[in-house]
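K.L.:
just coords:
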């Protein structure tokens with residue numbers, strides 16, 4: 001994966017993937033966020049293929065990150081990833 005793709009994904013996830021303020025289906029939210037990420041990556045000149053080459057399925061990665069954020073929030077560590 002290109003350095004540009006790595007940097008884009010790390011920054012995007014840090015900025016966008018947060019524990020939701022109300023109960024939601026994480027998989028649905030992950031799908032929405034994955035589509036947003038793919039669109040913003042394309043706008044930044046980062047092909048989705050470059051991202052998924054390294055991390056696998058983007059939606060699965062975002063689901064995991066959402067689950068981590070929810071768990072951190074439950075444990076009182078809302079700012080941690």
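P.N.:
Nice, I can see it. Because the structure is a prediction, the values reported are computed rather than measured.
K.L.:
the closest residue to residue 20 other than its chain neighbours sits in which helix or strand?
P.N.:
Of all residues not flanking residue 20 in the chain, residue 29 sits nearest, at 6.4 Å (C-beta to C-beta, 6 or more residues apart in numbering). C-beta coordinates here come from the backbone N, C-alpha and C atoms, glycine included. Taking DSSP states H and E as the definition, residue 29 sits inside helix 26-43.
K.L.:
C-terminal to that helix, what's the next element?
P.N.:
That would be, after helix 26-43 and using DSSP H and E, helix 48-55.
K.L.:
what helices or strands is that next one leaning on?
P.N.:
Counting contacts by 3 or more C-beta pairs under 8 Å, 6 or more residues apart in numbering; DSSP states H and E, helix 48-55 packs against helix 3-16, helix 26-43, helix 58-74.
K.L.:
the longest one packs against which elements?
P.N.:
Under the contact definition 3+ C-beta pairs under 8 Å, 6+ apart, helix 26-43 sits against helix 3-16, helix 48-55, helix 58-74.
K.L.:
need those helices in a markdown table (columns: distance to residue 38, mean pLDDT and mean neighbour count).
P.N.:
Formatted as a markdown table, these follow (distance: least, C-beta to C-beta, whole Å; pLDDT from 0 to 100; neighbours: other C-beta atoms under 10 Å):
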| stretch | distance to residue 38 | mean pLDDT | mean neighbour count |
| --- | --- | --- | --- |
| helix 3-16 | 10 | 87 | 14 |
| helix 48-55 | 5 | 90 | 15 |
| helix 58-74 | 7 | 90 | 17 |
